[in-house]
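Chemist: requesting a structural model of the entry that follows:
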Amino acid sequence: MSSLPVRELARFAAAGAFITILYLALTGALRVAGAPWWLAIAVGYVIATSTHFVLHRTFVFRREFALSLGQQVPRFVAVVVCQYAVTTLAMTWLPERLGLPEGVVFLGVAGVVTVASFIILRTRLFH
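Modeler: Residues are numbered from 1 along each chain as shown. The predicted structure is shown next:
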């Protein structure tokens with residue numbers, strides 16, 4: 001990255017905030033409607049992740065892309081799966097080893113994963 005992409009960072013943050021609200025609202029609404037947790041989480045995750053991809057492609061990283069839509073989708077799925085795996089492994093391992101509360105560790109892990117994701121998405125997927 002030659003210069004700080006301030007506008008892209010702002011759009012990335014806005015998209016992330018919107019997706020967080022969407023995911024929580026969908027999952028919560030499904031639970032209130034009586035859906036089991038596994039279904040509420042699955043539906044919320046699929047809809048939020050799909051919406052997140054569209055927002056990245058049309059709002060966050062607005063430009064001509066080197067990769068086609070067909071090349072971007074599987075890479076985006078790989079990034080999402082890696083985010084989940086890294087976060088889960090870190091949260092399973094780090095709190096006890098660092099001697100810190102889970103909430104503190106989660107904030108740190110989420111921050112690192114978010115920054116890494118922005119860099120990967122900007123340089124390898126939506127470039």
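Chemist: helices of this protein, residue ranges please.
Modeler: Assigned helices in the chain, in chain order: 6-32, 37-55, 69-98, 102-120 (criterion: DSSP state H).
Chemist: could you say what helices and strands the longest one packs with?
Modeler: Right, helix 69-98. helix 37-55, helix 102-120 (3 or more CB pairs under 8 Å, 6 or more residues apart in numbering; DSSP states H and E). Glycine gets a C-beta too; all of them are placed from N, C-alpha and C.
Chemist: that helix vs helix 37-55, what angle?
Modeler: 120 degrees (axes from the mean of the first three to the mean of the last three CA atoms, to 10 degrees).
Chemist: can you give me the angle helix 69-98 makes with helix 102-120?
Modeler: Going by the same axes, to 10 degrees, helix 69-98 makes 150 degrees with helix 102-120.
Chemist: tell me the buried residues in helix 69-98?
Modeler: 72, 76, 79, 83, 90, 94, 95 (16 or more other CB atoms under 10 Å).
Chemist: check the nearest residue to residue 102 once chain neighbours are set aside and give its pLDDT.
Modeler: Nearest in space to residue 102, with sequence neighbours left out and distances taken as CB to CB, 6 or more residues apart in numbering, is residue 95 at 4.8 Å. The model reports residue 95 with a pLDDT of 93.
Chemist: wait, residue 95 sits on residue 103?
Modeler: No. The pair residue 95 / residue 103 is not scored as a contact, 9.1 Å apart, by CB atoms under 8 Å.
Chemist: show me which pair in the buried residues of helix 69-98 is furthest apart.
Modeler: 72 and 95 (34.4 Å; CB to CB).
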